[in-house]
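A.B. asks: Provided below are the primary sequence and the corresponding predicted coordinates.
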Amino acid sequence: MELTYAGLFLLLFCSAYSYQFRSRSGYGRFVQDPELEWERMEKVIGEDMPHEAPAPETKFWRSASGGSSIPEALKVPEYVIVPASKVQKEVFKPEKGARPLPNSIKEMLLAASATSDEAAKSKLIEILCHVDRMYVRISREVFKTKDAYKYLKLGTCPVNQGNAAHYFLLYLLKTDCGFKKENTVDYRYVSNMLHYKPPGPVLREMPFDIPLQCKFPRFFHSFKVGIYPKLQGGTVFRALQPKSSFTLTPQDASGNEITGAKSYILGQPMYFEVKQPEGTAKSGDQRIYINKCFTTASKDSSSNPKYTVIDNQGCMVDGKVTSQSKFLSGSSKMVQKFSVGSLIFKNAVSTSSSSQQLYMHCEVLLGKLSPTQSSKACNYDSATKKWKELYNDDSVCTCCESTCSSPQTKASRNIISSHSWKIDLSSKDGYTEVDPRMKSLDTDTFGLEDPDLTEHEDFLKYWENDY
């Protein structure tokens, strides 16, 4: 009977001892066995975090007589962990031949291994760091009183686990324990303070504040000697015509590019040039074709409203409306120029606005010199009421009054856009002024009626039917 009472008393004591930590499980991570949890996290951290590899064991030959031997080679570690800020990338750059190893790299590889005294010392206070938690374990032999755990805290969080040998503070970093986080170029730091503050007017144990810090490497770089690249053959595909292979440029009557702000008077001709950028390789048996061009009031080519000036695979359809709209011939077929009579969108006219901003968008194709119904440059001749090809046989233009066939492939087509210009809506006596003169915001104006037309002779030869 006495033995039964003794056993019952021991059971009640153990239950009470265990309960004193379980009642605080709401403050942190509660586990059934804190020692098993500690060992589990030690294994996880050991697998996740890299460690410096030890130097490989050096093997050497001894003489048959057992006398002198070949000196043992230096033991260099397989790899070392180096902060990103101290990595000298240029030193590890592959190059032909050999060169001496810089002193800074020698010191890094041949540095004496730091001997750890932790194994020899009694581990009174231990800390485990992982990406989302900090675990602290304190040996109970540090303290003299049995209720020391009541006055021990990690930041603001109390002891939440314990057994006969240790007190545990097991907390996730998201817990409000006063964790401080800091990032540098090489590391991420998480720190806190371990406090022990026994109460009372007298002390039998000294209070302490021990700073704890977890350090996580932020970057990892790997270098290995003796990398020999293996070249493998294969096929590399490259687009024949990248998206930026053509340019669409507004020009003045002399063929000079218009830069900066530019405005036209309503009804006067505007000139455009399509070509490939300077330095682009050109073939002698190719020609630039403009399949379609349209004007919008927005930089977005898919916006509305829009007005089409070239359509049906290279027909200047606006030429049936005004003789100012036509393709222009030139010395090179790798450059295509055209003119359009300036216009505005009726629905966008405002009594409070004196100008309207517009953009030109064109679909361009690079094809063979001989035109076809799917790639051509056809102007409308109002005198004969027929379509004529700019350079070759007019028969390819007969479809401009119906539907011209499209190329089988659209892989080499490009939609390009010009920069914006403005149409001046100013008028005299309430009537819109139609004047074949170009007015620039940043250059002097000139008129085709000017007596001095010598500088425009190179352009006017294409306009004998208009003036």
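C.D. replies: Good, I have the coordinates.

A.B. asks: tell me which stretches of the stretch 351-467 of the chain form strands.
C.D. replies: Ranges of strands within the stretch 351-467 of the chain are 355-368, 378-381, 386-389, 414-417, 421-424, 427-428, 431-432, 437-440, 446-447, based on DSSP state E, counting those that start in this stretch.

A.B. asks: out of those, which comes closest to S139?
C.D. replies: strand 414-417 (75.3 Å; C-beta to C-beta). Bear in mind the C-beta positions are built from the backbone N, C-alpha and C, glycine included.

A.B. asks: which other helices and strands contact that closest one?
C.D. replies: The helices and strands touching strand 414-417, judged by 3 or more C-beta pairs under 8 Å, 6 or more residues apart in numbering; DSSP states H and E, are strand 247-251, strand 355-368.

A.B. asks: strands paired with the longest one, and their directions?
C.D. replies: So the one you mean is strand 355-368. Next to strand 355-368 in the sheet, as set by DSSP bridges, lie strand 286-296 (antiparallel), strand 414-417 (antiparallel), strand 421-424 (antiparallel).

A.B. asks: which stretch among these comes nearest K262?
C.D. replies: strand 421-424 (4.8 Å).

A.B. asks: what lies in contact with the closest one?
C.D. replies: Strand 421-424 has contacts (C-beta atoms under 8 Å, 6 or more residues apart in numbering) with 250, 258, 261-266, 270, 342-344, 354-358, 439.

A.B. asks: buried subset of the residues you listed?
C.D. replies: 250, 258, 262-266, 270, 342-344, 356, 358, 439 (16 or more other C-beta atoms under 10 Å).

A.B. asks: so can I have TSV of those showing pLDDT, distance to F143 and secondary structure?
C.D. replies: Shown next, in TSV, are these (pLDDT from 0 to 100; distance: C-beta to C-beta, whole Å; DSSP: H, G, I helix; E, B strand; the rest coil):
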residue	pLDDT	distance to F143	secondary structure
P250	88	87	strand
I258	78	87	coil
K262	70	86	strand
S263	75	88	strand
Y264	76	92	strand
I265	77	96	strand
L266	76	95	coil
M270	88	92	strand
S342	84	93	coil
L343	86	92	coil
I344	85	90	coil
Q356	80	86	strand
L358	87	85	strand
K439	36	93	strand
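
A.B. asks: closest to L194 among the residues you listed?
C.D. replies: Ranked by distance to L194 (C-beta to C-beta), the buried ones among the contacts of strand 421-424 are led by L358 at 72.6 Å.

A.B. asks: show me what contacts that closest one?
C.D. replies: With C-beta under 8 Å, 6+ apart, L358 has these contacts: T295, T296, A297, L343, I344, S420, W421, K422, I423.

A.B. asks: that one bridge partners, please.
C.D. replies: If you apply DSSP bridges, the partners that L358 bridges to are W421.

A.B. asks: pretty sure C404 sits against Q373.
C.D. replies: Yes - applying C-beta atoms under 8 Å as the test, C404 and Q373 come out as touching, 4.7 Å apart.

A.B. asks: what touches both of those two?
C.D. replies: With C-beta under 8 Å, 6+ apart, C404 and Q373 have common neighbours Q313.

A.B. asks: quick one on the thing from earlier: and the strands of the stretch 351-467 of the chain: which comes nearest Y149?
C.D. replies: Per C-beta to C-beta, nearest to Y149 of these: strand 414-417, 74.4 Å.

A.B. asks: which residues sit against that closest one?
C.D. replies: Under C-beta under 8 Å, 6+ apart, the answer for strand 414-417 is 241, 243, 245-248, 274, 299, 301, 359-365.

A.B. asks: could you dump stretch 341-349 to CSV, C-alpha only?
C.D. replies: In CSV, the C-alpha atoms belonging to stretch 341-349 read as follows (Å, rounded to 0.1, in the frame of the first residue of the first chain):
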residue,chain,number,x,y,z
GLY,A,341,-2.6,65.2,-98.8
SER,A,342,-2.9,66.4,-95.2
LEU,A,343,-6.2,65.7,-93.6
ILE,A,344,-8.1,65.7,-90.3
PHE,A,345,-10.8,63.5,-88.7
LYS,A,346,-14.2,65.2,-88.9
ASN,A,347,-15.5,63.7,-85.6
ALA,A,348,-12.4,65.0,-83.7
VAL,A,349,-12.8,68.7,-84.9
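
A.B. asks: OK, contacts around the nearest residue to A165 once chain neighbours are set aside?
C.D. replies: Setting aside the residues directly before and after it, A165 is nearest to R140 in space (C-beta to C-beta, 6 or more residues apart in numbering), at 6.2 Å. Shown in contact with R140 (C-beta under 8 Å, 6+ apart): A148, A164, A165, H166, Y167.

A.B. asks: what about those residues, which are in strands?
C.D. replies: H166, Y167 (DSSP state E).

A.B. asks: turn the contacts of R140 into TSV, columns for distance to I127.
C.D. replies: Shown next, in TSV, are the contacts of R140 (distance: C-beta to C-beta, whole Å):
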residue	distance to I127
A148	18
A164	21
A165	17
H166	13
Y167	13
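
A.B. asks: returning to what we had before: which of the strands of the stretch 351-467 of the chain sits most buried?
C.D. replies: strand 378-381 (a mean of 22; mean count of other C-beta atoms under 10 Å).

A.B. asks: elements contacting that one?
C.D. replies: Short answer (3+ C-beta pairs under 8 Å, 6+ apart): strand 378-381 packs on strand 326-328, strand 386-389.

A.B. asks: what about 6 Å?
C.D. replies: The helices and strands touching strand 378-381, judged by 3 or more C-beta pairs under 6 Å, 6 or more residues apart in numbering; DSSP states H and E, are strand 386-389.

A.B. asks: so E205 makes contact with K144?
C.D. replies: Yes - if you go by C-beta atoms under 6 Å, E205 and K144 touch, sitting 5.4 Å apart.

A.B. asks: between these two, which is the more surrounded one?
C.D. replies: E205 (13 against 9; other C-beta atoms under 10 Å).

A.B. asks: just checking, that one is part of a helix?
C.D. replies: No - E205: not assigned to a helix; according to DSSP: H, G, I helix; E, B strand; the rest coil it is coil.
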